[in-house]
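Asker: below is the structure, and that's it, no one-letter string:
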């Protein structure tokens with residue numbers, strides 16, 4: 001069956017449901033954190049609860065605590081399993097361009113009007129979404145495959161003003177690594193490069209233990 005024989009909605013749904021997420025039994029976990037930033041090495045502890053509440057412990061520096069908390073919270077939010085209809089039930093889906101890479105553009109209408117995605121080999125390879133008053137564009141360049149779905153391994157993100165198109169902040173390049181702990185894939189390292197400033201931040205999670 002070719003792409004043109006599959007509705008844009010069903011093609012997008014298949015890629016959406018191919019993402020790796022944690023099941024309802026996810027117990028949360030604790031881990032040691034080593035955060036490297038501008039020549040500093042900061043160590044502490046983190047906890048992500050089954051309700052995705054993120055906590056940073058034993059880190060005195062406020063800026064470091066905020067940076068670590070942000071990455072941990074974001075990790076949890078992206079692992080939450082949400083039903084397709086609950087998230088996209090009020091959206092419409094139409095085909096856009098087919099790119100030279102073979103990626104297929106999906107244009108969103110309805111509640112999510114203005115958003116668009118690119119799909120390649122059952123992976124959401126590009127996200128262009130309006131969220132919290134900005135537009136975020138994320139390109140995925142490499143994935144980590146598991147029997148339960150894929151995780152982004154290498155990707156970049158950039159924010160723009162939805163009205164003017166002006167870039168807000170720096171483009172960031174990410175590289176994520178995962179380890180399996182019990183039945184779950186857990187982030188073990190995240191490297192964030194900002195090419196414009198030359199800054200690199202590294203978040204290394206070790207001694208990962210599931211709660212309960």
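Answerer: Okay, I see it. None of the values given here were measured: they were computed from a predicted structure.

Asker: going forward, measure contacts and count neighbours with C-alpha atoms only.
Answerer: Will do.

Asker: okay, now the unreliable bits of this protein?
Answerer: 1-5 (pLDDT under 70).

Asker: tell me where it has helices.
Answerer: Ranges of helices within the chain are 8-17, 62-79, 84-88, based on DSSP state H.

Asker: which one of those helices lies closest to residue 114?
Answerer: Between residue 114 and the helices of the chain, the tightest spacing by C-alpha to C-alpha is seen for helix 84-88, at 13.7 Å.

Asker: next, name the residue at the spatial heart of the chain.
Answerer: Centroid-nearest residue in the chain: residue 78, 5.3 Å away (criterion: C-alpha atoms, centre = their mean).

Asker: on that earlier part again, quick one: closest of the helices of the chain to residue 184.
Answerer: Checking those against residue 184 by C-alpha to C-alpha gives helix 62-79 as the closest, at 10.3 Å.

Asker: which parts of the lengthiest strand in the chain are buried?
Answerer: The single longest strand within the chain, with elements called by DSSP state E, is strand 167-181. Neighbour counts over strand 167-181 (16 or more other C-alpha atoms under 10 Å) mark 171, 172, 173, 174, 175, 176, 177, 178 as buried.

Asker: partners of residue 135 in the sheet?
Answerer: residue 130, residue 160 (DSSP bridges).

Asker: dump the residue contacts of it.
Answerer: By C-alpha atoms under 8 Å, 6 or more residues apart in numbering, residue 135 lies in contact with 128, 129, 159, 160, 161, 162.

Asker: state the distance from the residue lying closest to the fifth one once chain neighbours are set aside to residue 169.
Answerer: This points to residue 161. Counting by C-alpha to C-alpha, 6 or more residues apart in numbering, residue 161 lies nearest to residue 134, which is 5.3 Å off, once chain neighbours are set aside. Distance of residue 134 to residue 169, given as C-alpha to C-alpha, to the nearest Å: 11 Å.

Asker: and for residue 159, the neighbour number?
Answerer: Using other C-alpha atoms under 10 Å, residue 159 has 22 other residues around it.

Asker: show me what contacts it?
Answerer: Residue 159 neighbours (C-alpha under 8 Å, 6+ apart): 134, 135, 136, 137, 167, 168, 169, 170, 171.

Asker: isn't the last one right up against residue 198?
Answerer: No. Because the distance of 11.1 Å does not satisfy C-alpha atoms under 8 Å, residue 171 is recorded as not touching residue 198.
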